[in-house]
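**Q** I need the structure of the sequence given here:
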Amino acid sequence: MAEILRVDHAGELGAVQIYRGQRAVLGSAPGRDRINGQLAEMEAQEAEHLARFDRLLTERGVRPTAMTPVWRLAGFALGAGTALLGEKAAHACTEAVENVIEQHYAGQIAEIAEREPELAAELTKFRDEELAHRDLAVDEGAREAPGYALLSAVIRTGCRAAIKISEKI
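**A** This is a model prediction of the structure:
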């Protein structure tokens with residue numbers, strides 16, 4: 001259970017930072033009100049998830065990953081970097097991250113459903129919100145981003161590596 005909570009906390013922290021990085025780049029650009037509103041809304045949901053995991057870590061005496069400072073910086077850099085490539089690349093980032101997170105949450109939900117039904121229900125709600133983020137990104141042209149296949153593959157691989165590292169460290 002400690003690994004589940006630690007990695008989920010790290011993932012939500014990273015997600016908040018990705019959206020902050022994207023908003024840092026796109027927030028001051030003229031004509032970007034639509035995407036800025038979308039990013040702000042998604043960031044707010046991720047911040048709610050993060051706050052819940054903060055509470056769960058405290059309640060259950062679980063330490064956050066030692067990689068927190070790295071993930072904070074890496075998330076912001078990923079968000080800013082994809083936003084510098086354009087709106088579609090920012091959406092491609094969201095799609096790639098949320099695909100990995102959805103699969104990760106689904107596995108956790110199946111693993112804990114019987115012994116922790118309330119937590120499984122919370123994770124299901126979070127997973128559904130992540131899926132909505134992914135679907136929005138696809139609708140907004142994520143797959144039309146320059147170098148989409150490579151960009152998406154690199155981001156998904158990085159997310160999977162971050163999950164494995166955060167579970168243990």
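
**Q** so residue 29: helix, strand or coil?
**A** Secondary structure, DSSP: H, G, I helix; E, B strand; the rest coil: residue 29 is coil.

**Q** can you tell me how far it sits from residue 136?
**A** 19 Å (Cβ to Cβ, to the nearest Å). To be clear about C-beta, it is placed using only N, CA and C from the backbone, and glycine gets the same treatment.

**Q** same drill for those two, tell me which one is more crowded.
**A** Counted by other Cβ atoms under 10 Å, residue 29 and residue 136 do not tie: residue 136 has more neighbours, with 17 against 12.

**Q** check contacts around the more buried one.
**A** 38, 42, 91, 94 (Cβ atoms under 8 Å, 6 or more residues apart in numbering).

**Q** what's the closest of the residues you listed to residue 63?
**A** Ranked by distance to residue 63 (Cβ to Cβ), these are led by residue 42 at 27.4 Å.

**Q** got the contact list for the closest residue to residue 6 other than its chain neighbours?
**A** Nearest non-adjacent residue to residue 6, counting by Cβ to Cβ, 6 or more residues apart in numbering: residue 65, 5.4 Å away. By Cβ under 8 Å, 6+ apart, residue 65 lies in contact with 6, 7, 9, 10, 71, 165, 166, 169.

**Q** give the buried residues for stretch 143-162.
**A** By neighbour count with 16 or more other Cβ atoms under 10 Å, stretch 143-162 contains the buried residues 145, 148, 151, 152, 155, 156, 158, 159, 162.

**Q** quick one: average pLDDT of the biggest helix by length in the chain?
**A** Counting residues, the longest helix found in the chain (DSSP state H) is helix 33-60. Taken as a whole, helix 33-60 has an average pLDDT of 91.

**Q** swap in stretch 144-161?
**A** On average, stretch 144-161 scores 94.

**Q** distance from the chain centre to that stretch, please.
**A** Remark: stretch 144-161 is offset 14 Å from the chain centroid, using Cα atoms, centre = their mean, to the nearest Å.

**Q** give me the contact list for it.
**A** 74, 78, 82, 85-86, 88-89, 91-93, 95-97, 99-101, 142.

**Q** just the CA atoms of it, as CSV, please.
**A** Provided in CSV are the C-alpha atoms of stretch 144-161 (Å, rounded to 0.1, in the frame of the first residue of the first chain):
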residue,chain,number,x,y,z
GLU,A,144,-1.5,16.1,-35.0
ALA,A,145,1.6,17.3,-33.1
PRO,A,146,4.9,17.4,-34.9
GLY,A,147,6.7,14.2,-34.2
TYR,A,148,3.7,12.8,-32.4
ALA,A,149,4.7,9.1,-32.4
LEU,A,150,8.2,9.8,-31.1
LEU,A,151,7.1,12.5,-28.6
SER,A,152,4.4,10.2,-27.2
ALA,A,153,6.6,7.2,-27.0
VAL,A,154,9.3,9.1,-25.1
ILE,A,155,6.9,10.6,-22.7
ARG,A,156,5.1,7.3,-22.0
THR,A,157,8.5,5.6,-21.4
GLY,A,158,9.5,8.4,-19.0
CYS,A,159,6.3,8.1,-17.1
ARG,A,160,6.7,4.3,-16.7
ALA,A,161,10.2,4.8,-15.5
